[in-house]
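1. fold the following, please.
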Amino acid sequence: MTDVTDTPTTDGADAASPTVAAAPSFSDFPIHPDIVAALAEHDITSPFPIQAMTLPVALSGHDIIGQAKTGTGKTLGFGIPILNRVVSPRDEAFETLAAPGKPQALAVAPTRELAVQVASDLERAGRKRGIRVLTVYGGRAYEPQVEALQRGVEVVVGTPGRLIDLAKQGHLDLGHARIVVLDEADEMLDLGFLPDVERLLSLTPAARQTMLFSATMPGAVVALARRYMSQPTHIRAMGDDQENAHTVKAVEQFVYRAHAMDKVEMLARMLQATDRGLTIIFSRTKRTAAKVADELADRGFAAAAIHGDLGQGAREQALRAFRNGKVDILVATDVAARGIDVENVTHVINYQCPEDEKTYLHRIGRTARAGNTGIAVTFVDWDDLHRWAMINKVLDLGIPEPLETYSSSAHLFSDLDIPAGTKGRLPRSRQTREGLDAEVLEDLGETGKGAGRRGSAAGAGGSGPGGRGRAGARPGGRAGGRGESRDARGESREGSGATRPEGGADRPARGRTRRRTRGGRPAGESSG
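-> Just a heads-up that it's a prediction; the model follows:
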């Protein structure tokens, strides 16, 4: 296995020459001009390090193991080779294919949000070539996905559960997929998807090109690569220690020991800090995410929640509103936030202390992207002090004892540049965001127990024109619940609890049989 890193190596001739030199633009690679032009329209002209290292190997058809965290630009690292290799319906060679319109490439992602993000990037880069990209995942109706497959697509991006369901039903034919990408393989391992991934790989041609990307390389992922890949080139965009150091260095971090009854007031004052831009607030549970978004909306902030108890339409509505600036605060659980890649996030706030150092880095890595800096604030409850001590020790942050802090503490205002006199309610004059209801809630024909469930937090966050527009009651039952878990083969799992197959929610529930009795005996039976 060939190994490529972005660190300088000594070859005897020139001790300072790097393993791979960064190219000045995408046009310096053997990439279809239409792809280069499509990227240029969005001011994407120069490759990031992971792209510069990946493209020469991937464009030549070799298997790749790419080690890079989310946000380093790896999507185009595998996306451009996919778009460059597939045959478009506009190409003369299209009709000569063995099965025109059958998927020529497959990209597998662990979560719905990441699948949508990857597909969006591929659609943007492949638009001028006329390449059809289909996104498939649970929580949406089958019919539109089936119809799209029948019309023909070149690239399919999806989550394991729905991909397998469509393949089982005979709608998805992967027998002509010459390129397969496994994105964030370590997350798929954490969510229990590796058996599904192996099954999908078995449905593709043996002579395919396989690209696997993962932030870490646990044993199960390495074993998967050895079994299904042929002499892969291992590309590391940044070693783990360097990666962690870079993330920590780029983010200014504050850690406060906070009182549970004062957290929302602290949060509301922090959100009025000078020059605060888009902000992501993390919670450990779905119920907390919904509650915090509701309370912020009551205080005049444009906030929306994204968590597993929301229907897919509401989740996508919240993400679009956040990306479009209609809301500037997104309250999310860790699982729901996987795959969220939004530019210009200036602040990340850990409303509840992360479980471990990996989760901490994942959360604060939502800011300080693409060379920018950011601010991360973590609230530590009294019973979470041991958890924070572990995170601090592993990452060597130098903050062993979080400072006891209240919403009135002078150091809170000075640390975060909060104007003096700020209270826990956004003044009406500053309520200028359109709010969540300004973003269309699509009818996706959703499936599953949580289908169509918006929850009060889903509607939280309109201020200014359009109002807050809170959705009110939850038509499907209470949010949260025991185990903080849901559907889709674990795709929306948040905490412990049982999960069920993605397609199982489509089966009608079996009603409870009641028998009429009379005097303790079944009705109709004689008393003797």
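2. OK, contacts around the nearest residue to Arg151 once chain neighbours are set aside?
-> Spatial nearest neighbour of Arg151, excluding adjacent residues (Cβ to Cβ, 6 or more residues apart in numbering): Gly101 at 7.3 Å. All C-beta atoms are positioned from the backbone trio N, CA, C, and that covers glycine. Shown in contact with Gly101 (Cβ atoms under 8 Å, 6 or more residues apart in numbering): 89, 151-153.
3. which among those end up buried?
-> Val153 (16 or more other Cβ atoms under 10 Å).
4. mind putting the contacts of Gly101 into JSON lines with secondary structure and distance to Ala289?
-> Shown next, in JSON lines, are the contacts of Gly101 (DSSP: H, G, I helix; E, B strand; the rest coil; distance: Cβ to Cβ, whole Å):
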{"residue": "Pro89", "secondary structure": "coil", "distance to Ala289": "42"}
{"residue": "Arg151", "secondary structure": "helix", "distance to Ala289": "38"}
{"residue": "Gly152", "secondary structure": "coil", "distance to Ala289": "39"}
{"residue": "Val153", "secondary structure": "coil", "distance to Ala289": "34"}
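5. okay if I get the contacts of Gly101 as JSON lines plus distance to Thr159?
-> Compiled in JSON lines, those are given as follows (distance: Cβ to Cβ, whole Å):
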{"residue": "Pro89", "distance to Thr159": "26"}
{"residue": "Arg151", "distance to Thr159": "21"}
{"residue": "Gly152", "distance to Thr159": "21"}
{"residue": "Val153", "distance to Thr159": "16"}
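6. isn't Ala376 right up against Thr367?
-> Yes - look at Ala376 against Thr367 with Cβ atoms under 8 Å: they come within range, at 6.7 Å.
7. overlap in contacts of those two?
-> Common neighbours of Ala376 and Thr367 (Cβ under 8 Å, 6+ apart) are 251, 347-348.
8. any chance of those in JSON lines, plus pLDDT and distance to Gly219?
-> Converted to JSON lines, the shared contacts of Ala376 and Thr367 look like this (pLDDT from 0 to 100; distance: Cβ to Cβ, whole Å):
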{"residue": "Val251", "pLDDT": "88", "distance to Gly219": "30"}
{"residue": "His347", "pLDDT": "95", "distance to Gly219": "36"}
{"residue": "Val348", "pLDDT": "95", "distance to Gly219": "31"}
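9. which one of these has the most neighbours?
-> When neighbours are taken as other Cβ atoms under 10 Å, the top entry among the shared contacts of Ala376 and Thr367 is His347 (25 neighbours).
10. related to what we said a few turns ago, closest to Thr405 among the shared contacts of Ala376 and Thr367?
-> Thr405 has its nearest neighbour among the shared contacts of Ala376 and Thr367 in His347, at 16.2 Å by Cβ to Cβ.
11. what sits against that closest one?
-> 270, 273, 276-280, 367, 374-377.
12. one more time with 10 Å, if that's ok
-> Contact analysis of His347 by Cβ atoms under 10 Å, 6 or more residues apart in numbering lists 251-252, 270-271, 273, 275-281, 328-329, 366-367, 374-377, 416.
13. please name the nearest non-neighbouring residue to Val394.
-> Glu357 (4.4 Å).
14. now do the helices in the stretch 51-200 of the chain.
-> Under the criterion DSSP state H, counting those that start in this stretch, the stretch 51-200 of the chain contains helices at 74-85, 112-126, 142-151, 160-168, 185-190, 194-202.
15. pick out the shakiest of those, pLDDT-wise.
-> Mean pLDDT is lowest for helix 185-190 among the helices of the stretch 51-200 of the chain, at a mean of 88.
16. then that helix to PDB, C-alphas only?
-> Output of helix 185-190 as PDB, limited to C-alpha atoms (Å, rounded to 0.1, in the frame of the first residue of the first chain):
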ATOM      1  CA  ALA A 185     -16.300   5.100   7.300                       C
ATOM      2  CA  ASP A 186     -15.500   5.400  11.000                       C
ATOM      3  CA  GLU A 187     -18.900   7.000  11.600                       C
ATOM      4  CA  MET A 188     -20.600   4.200   9.800                       C
ATOM      5  CA  LEU A 189     -18.700   1.800  12.100                       C
ATOM      6  CA  ASP A 190     -19.900   3.700  15.200                       C
END
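17. what's the spacing between Ala318 and Gly66?
-> 30 Å (Cβ to Cβ, to the nearest Å).
18. tell me how many other residues crowd Asn372.
-> With other Cβ under 10 Å as criterion, Asn372 counts 13.
19. if we can go back for a sec, check the helices of the stretch 51-200 of the chain for me and report the most buried one.
-> Most buried of those by mean neighbour count (mean count of other Cβ atoms under 10 Å) is helix 74-85; its value is a mean of 26.
20. and that one with helix 112-126, angle?
-> 50 degrees (axes from the mean of the first three to the mean of the last three Cα atoms, to 10 degrees).
21. A helix includes Ala332, no?
-> No - going by DSSP: H, G, I helix; E, B strand; the rest coil, the assignment for Ala332 is strand, not a helix.
22. contacts only, for the nearest residue to it once chain neighbours are set aside.
-> Leaving aside its chain neighbours, Ala332 sits nearest to Ile306 (4.8 Å; criterion: Cβ to Cβ, 6+ apart). By Cβ under 10 Å, 6+ apart, the contact set of Ile306 is 113, 280, 286, 289, 293, 314-319, 322, 330-333, 335-337, 340, 457-458.
23. all strands for the stretch 351-500 of the chain, in order.
-> 374-380, 403-404 (DSSP state E, counting those that start in this stretch).
24. got any ranges where this structure has weak pLDDT?
-> 1-24, 69-71, 238-249, 336-339, 370-371, 443-528 (pLDDT under 70).
25. 80 instead?
-> Residues of the chain that meet the criterion pLDDT under 80 lie in 1-24, 68-72, 237-250, 335-341, 343, 368-372, 442-528.
26. per-domain residue ranges of it.
-> 2-238, 242-471 (automatic domain parsing).
27. Pro30 reaches Arg85, doesn't it?
-> No - counting by Cβ atoms under 10 Å, Pro30 sits too far from Arg85 to count as a contact (11.1 Å).
28. which one of Ala318 and Gly66 has more residues nearby?
-> Ala318 (32 against 28).
29. does the more buried one belong to a helix, a strand or coil?
-> Applying three-state DSSP: Ala318 is helix.
30. how about Val327?
-> Strictly by three-state DSSP, Val327 counts as coil.
31. list the contacts for it?
-> 278-279, 293, 296-297, 301-305, 317-321, 433-439, 460-463.
32. so Asp417 sits right up against Thr274, yeah?
-> Yes - contact criterion Cβ under 10 Å: Asp417 and Thr274 qualify, at 4.5 Å.
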